[in-house]
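*Asks:* Take this sequence and fold it.
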Amino acid sequence: MYLSKEPNVLITGAIVLNHAVIIKNVKLIHGTRHLFLKFPETAQERVVYPLSTELYQYLLQQIIEYYNHYKSELKSESGF
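*Replies:* Model (predicted):
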């Protein structure tokens, strides 16, 4: 995953599930009230998305932790 230059998108990348499935183009978005994940979609519909709230919350938590860790490493490398 990498930092995004898109407005309100904090990080973009791929999620690997159980070393068996890759979901590309997942975005962590800073919405008006909270952070949320946006999964790949076509013009007609979402292509991939979690069916259970538990899985969604788990993925969201993991990506937020990754983002926070990544940001803290960038700060320590820059000396700030």
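*Asks:* Show me what the residue nearest the centre of the chain is bridged to.
*Replies:* Geometric centre of the chain, nearest residue: L28, 3.6 Å, by CA atoms, centre = their mean. Counting by DSSP bridges, L28 forms beta bridges with I11, L37.
*Asks:* V9 is in contact with that one, correct?
*Replies:* Yes. Between L28 and V9 there is a contact under CB atoms under 8 Å: 7.2 Å. Bear in mind the C-beta positions are built from the backbone N, C-alpha and C, glycine included.
*Asks:* ok, and for whichever strand or helix holds A14, which residues are buried?
*Replies:* Assigned by DSSP states H and E, A14 belongs to strand 9-17. Of the residues in strand 9-17, L10, I11, T12, G13, I15 count as buried by neighbour count, 16 or more other CB atoms under 10 Å.
*Asks:* show me what contacts the residue nearest to the third one when sequence neighbours are not counted?
*Replies:* Right, T12. Using CB to CB, 6 or more residues apart in numbering and skipping residues adjacent in sequence, the residue nearest T12 is S4, 4.5 Å away. Listed by CB atoms under 8 Å, 6 or more residues apart in numbering, the contact set of S4 reads L10, I11, T12, K27.
*Asks:* Turn those residues into TSV, including pLDDT and distance to Q62.
*Replies:* Formatted as TSV, the contacts of S4 follow (pLDDT from 0 to 100; distance: CB to CB, whole Å):
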residue	pLDDT	distance to Q62
L10	95	14
I11	95	12
T12	95	15
K27	96	14
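*Asks:* Quick one: the strands in the protein, in order.
*Replies:* 2-3, 9-17, 21-30, 35-38 (DSSP state E).
*Asks:* any idea how far P40 is from G13?
*Replies:* 12 Å (CB to CB, to the nearest Å).
*Asks:* again with T42
*Replies:* T42 is 19 Å from G13, by CB to CB.
*Asks:* Please apply the same query to F39.
*Replies:* 12 Å.
*Asks:* Now do the shared contacts for those two.
*Replies:* V26.
*Asks:* can you pull the contacts of Y66?
*Replies:* M1, I11.
*Asks:* From here on, call the first residue 39.
*Replies:* Taking 39 as the first residue, the last one we looked at is Y104.
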